[in-house]
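Chemist: Have a look; sequence and predicted model below, questions after that.
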Amino acid sequence: MLKEERIEARVTHQQKQRIARAATLRGRSITDFVVSCAAAAADQAIQEHEAVRLSLQDSKRFIQAILHPPKPNALLMAAAKRYAREVVGAK
């Protein structure tokens, strides 16, 4: 993959030393370490945002289903009869 973009960041001396040490411990260059950590953090942030967004959408659907439940269809009625016969009737 051709790397055409560039990211720059100013850090304190202590931050650079910590990053350099961590990169060394992982056997990577500082640049590779920073890029891979930033990419992983970006993926996590996106995933968390999408999970929350989907969760909110699902919550809205759930509330709507409670407030305005659909009428039972033939399959649901058959399942209820089978449940009553096999589970409730077994007691």
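Modeler: Sure thing, it's come through. The structure displayed is predicted, hence computed values, not measured ones.
Chemist: now Val88: how far from His13?
Modeler: In this view, Val88 and His13 are 72 Å apart by C-beta to C-beta, to the nearest Å. All C-beta spots, glycine's among them, are computed from the backbone N, C-alpha and C.
Chemist: List the residues that contact Ala79.
Modeler: The contact partners of Ala79, taken as C-beta atoms under 8 Å, 6 or more residues apart in numbering, number zero.
Chemist: Name the next helix or strand following the lengthiest helix in the chain along the chain.
Modeler: Among the elements of the chain assigned as helix by DSSP state H, the one spanning the most residues is helix 30-67. Scanning forward in sequence from helix 30-67 by DSSP states H and E, the next helix or strand is helix 74-83.
Chemist: Show the average pLDDT along that following helix.
Modeler: Mean pLDDT, taken over the full extent of helix 74-83, equals 94.
Chemist: For it, buried residues please.
Modeler: Along helix 74-83, no position meets the burial threshold by neighbour count (16 or more other C-beta atoms under 10 Å).
Chemist: where does it sit relative to the chain's centre, distance-wise?
Modeler: Mean C-alpha position of helix 74-83 versus that of the full chain (C-alpha atoms, centre = their mean, to the nearest Å) differs by 35 Å.
Chemist: mind saving the C-alpha coords of it as CSV?
Modeler: This file holds the C-alpha atoms of helix 74-83, laid out as CSV (Å, rounded to 0.1, in the frame of the first residue of the first chain):
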residue,chain,number,x,y,z
ALA,A,74,-50.5,-17.6,12.4
LEU,A,75,-47.0,-18.8,13.2
LEU,A,76,-47.0,-17.0,16.6
MET,A,77,-50.5,-18.4,17.4
ALA,A,78,-49.3,-21.9,16.5
ALA,A,79,-46.2,-21.5,18.7
ALA,A,80,-48.3,-20.3,21.6
LYS,A,81,-50.7,-23.3,21.3
ARG,A,82,-47.7,-25.7,21.0
TYR,A,83,-46.1,-24.1,24.1
